[in-house]
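>>> any chance you can model this:
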Amino acid sequence: MINWQNVKTQLINFLKDEVEKTGLEKVTVGLSGGLDSAIVAILCKEAFGDNLNCVLMPSQFSSQSSSDHAIELCEKFDIKYEIISITPMVESFINNMDEDKLRIGNFSARMRMSVLYDVSSREKSLVVGTSNKSEILLGYGTIFGDTACAINPIGQMYKSDEFEFAKVLGVVDSIVTKAPSADLWEGQSDEDELGYSYAQMDEVLKLLVDENKDKNELISLGFEEKLIDMLEYRIKSNAFKGKLPTIANIKWS
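Numbering: from 1, shown residues only. Modelled structure (predicted):
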């Protein structure tokens with residue numbers, strides 16, 4: 001049984017300590033209308049009060065409900081927010097992307113992060129990340145897009161565990177109950193793309209990553225080989241997304 005109040009206290013202290021180290025007082029969060037950013041926004045509101053600024057960045061491919069849910073959250077918790085559409089940025093380049101949904105989605109994610117960092121510069125604030133542990137392990141995020149940030153309070157939290165934490169924090173039901181989505185295009189769903197629910201994937205990830213169990217052990221426990229192979233492949237092939245760029249070590253003599 002997870003003591004979520006203790007987790008909440010730890011994460012608020014983490015946020016305060018890390019921001020204080022920089023000499024800054026403000027934070028900026030990209031608010032998508034999804035569970036991850038909602039949790040981070042509430043934590044930042046408790047940690048920094050009015051020194052939190054949230055930014056909604058819809059595109060022509062976003063669902064209206066995402067913006068509606070984000071605004072509902074902001075109104076409930078008295079969070080300052082602004083809306084900056086990335087539609088003109090995406091529209092100006094879309095002809096170069098051959099109607100490829102993945103390329104358009106990645107480009108949109110990078111445009112959002114460009115906007116977010118510009119806003120953070122204007123506000124003299126830090127960008128707080130919203131990627132959870134499941135996404136990070138699986139590489140389910142856009143490098144230099146939604147994975148970019150200065151600090152991340154939920155990077156060690158599995159997606160399937162967030163639902164319980166969200167209820168403790170008081171996240172609005174419209175966000176807690178909807179299907180997880182990066183909202184890269186209308187109707188897009190994380191679990192449809194990955195082929196499994198987060199609950200299924202996280203159960204294996206916890207054993208695979210946290211308890212260092214190997215494939216044979218997992219199969220003996222009754223887990224599907226196809227699922228194990230998919231998770232192992234994604235972890236290995238996407239590991240580069242969680243690292244700083246590799247710099248060549250030159251020997252000068």
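
>>> any low-confidence regions in the stretch 101-250 of the chain?
184-187 (pLDDT under 70).

>>> for it, which segments count as strands?
125-127 (DSSP state E, counting those that start in this stretch).

>>> quick one: the helices in it?
For the stretch 101-250 of the chain, the helices defined by DSSP state H, counting those that start in this stretch cover 101-123, 133-138, 159-169, 173-176, 190-194, 198-205, 215-220, 225-237.

>>> go through the ones you listed and pick out the most buried.
helix 133-138 (a mean of 22; mean count of other CB atoms under 10 Å). From N, CA and C alone the C-beta is placed, and that goes for glycine too.

>>> so for Pro245, which of the helices of the stretch 101-250 of the chain sits nearest?
helix 101-123 (15.8 Å; CB to CB).

>>> against Leu231, how distant is Tyr198?
Going from Tyr198 to Leu231 by CB to CB, to the nearest Å gives 12 Å.

>>> contact partners of the strand or helix carrying Phe93?
Counting by DSSP states H and E, the element that carries Phe93 is helix 87-93. Applying CB atoms under 8 Å, 6 or more residues apart in numbering, the external contacts of helix 87-93 come out as 58-61, 104, 107-108, 111.

>>> what average pLDDT does that helix get?
Averaged across helix 87-93, pLDDT comes to 95.

>>> CA atoms only: put it into CSV for me.
The C-alpha trace of helix 87-93 is given here as CSV (Å, rounded to 0.1, in the frame of the first residue of the first chain):
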residue,chain,number,x,y,z
THR,A,87,-1.5,25.8,-35.2
PRO,A,88,0.4,28.5,-37.3
MET,A,89,3.7,26.8,-36.6
VAL,A,90,2.5,23.4,-37.6
GLU,A,91,0.6,24.7,-40.6
SER,A,92,3.6,26.5,-42.0
PHE,A,93,5.6,23.2,-42.1
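
>>> off-centre distance for that helix?
23 Å (CA atoms, centre = their mean, to the nearest Å).

>>> in it, what counts as buried?
In terms of neighbour count (16 or more other CB atoms under 10 Å), helix 87-93 has its buried residues at 87, 89-90.

>>> present the helices of the stretch 101-250 of the chain as TSV; the columns should include distance to Ser65.
Formatted as TSV, the helices of the stretch 101-250 of the chain follow (distance: least, CB to CB, whole Å):
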stretch	distance to Ser65
helix 101-123	17
helix 133-138	21
helix 159-169	17
helix 173-176	8
helix 190-194	16
helix 198-205	20
helix 215-220	37
helix 225-237	28
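
>>> can you tell which of those helices is closest to Asp50?
helix 101-123 (11.6 Å).

>>> what's the closest one in contact with?
Residues contacting helix 101-123 (CB under 8 Å, 6+ apart): 26, 28, 30, 53, 55, 57, 59, 61, 82, 84, 86, 89-90, 93-94, 97, 126-127, 141-142, 144-146, 148, 182, 184-185, 188.

>>> and the residue nearest the centre of the chain, how far from Cys74?
With distances taken as CA atoms, centre = their mean, Ser131 lies nearest the centre of the chain, 2.6 Å away. According to CB to CB, Ser131 and Cys74 sit 21 Å apart.

>>> could you do Thr87 as well?
Distance from Thr87 to Cys74, by CB to CB: 21 Å.

>>> likewise for Cys54?
Cys54 is 6 Å from Cys74, by CB to CB.

>>> what sits in contact with each of those two?
What both Cys54 and Cys74 touch, as defined by CB under 8 Å, 6+ apart, is the set 31, 41, 80-81.

>>> can I get the buried residues of helix 87-93 in JSON lines with distance to Trp252?
Listed next are the buried residues of helix 87-93 as JSON lines, based on distance: CB to CB, whole Å:
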{"residue": "Thr87", "distance to Trp252": "49"}
{"residue": "Met89", "distance to Trp252": "42"}
{"residue": "Val90", "distance to Trp252": "45"}
